[in-house]
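Novice: Show me how the following folds:
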Amino acid sequence: MILKILGWGLILLALFTWLPSVVPGAMSALAFGLALIVLILSLLTLLSRQAFYFKVIAAIVGVEMLIVNDTIRLFGALLNVSLAEKCGYYLPYFFICFIGFVLIKKYKII
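Specialist: Numbers count the residues shown, from 1 in each chain. The predicted structure is shown next:
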């Protein structure tokens, strides 16, 4: 029951991080950092033997990172951020998702 509450709370927090993501400058970078923390905490919801919460949060953070975030989105970023800096932001996301999906496969979580 606690992991269900944690899962839904993390989903709401991941959605909340979209608000500061559209603000140019440091606010969008801080929002992405908070979104990564939420993604790391969502790994705990895998203890409930359900991958639903992790997959939803990974999708929310992925959309925020690639489309919504003003600093690091793929196309049309407001600030002049190089591709190398964007990759520096993308790699932790992909690494955390890789760990989550390996855990899902290893423990055969639905």
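Novice: how far away is the spatially most central residue of the chain from K108?
Specialist: The structure's the chain has its C-alpha centroid closest to V61; by CA atoms, centre = their mean the separation is 3.1 Å. To K108, V61 is 24 Å away according to CB to CB, to the nearest Å. All C-beta atoms are positioned from the backbone trio N, CA, C, and that covers glycine.
Novice: L43 now?
Specialist: On the measure of CB to CB, L43 and K108 end up 16 Å apart.
Novice: what's the longest helix in this structure?
Specialist: Taking DSSP state H as the criterion, the chain has its longest helix at helix 83-106.
Novice: Now I104. Nearest residue, chain neighbours left out?
Specialist: Closest residue in space to I104, ignoring its immediate chain neighbours: A51 at 4.9 Å, by CB to CB, 6 or more residues apart in numbering.
Novice: now L12, what's its secondary structure?
Specialist: helix (DSSP: H, G, I helix; E, B strand; the rest coil).
Novice: rewinding a little: just confirm the residue nearest to the centre of the chain contacts L36, I think it does.
Specialist: Yes. Assessed by CB atoms under 8 Å, V61 is found in contact with L36 at 7.2 Å.
Novice: Between these two, which contacts overlap?
Specialist: Y93 (CB atoms under 8 Å, 6 or more residues apart in numbering).
Novice: neighbour count winner among L43 and K108?
Specialist: When neighbours are counted by other CB atoms under 10 Å, L43 and K108 differ, and L43 comes out ahead with 16 against 7.
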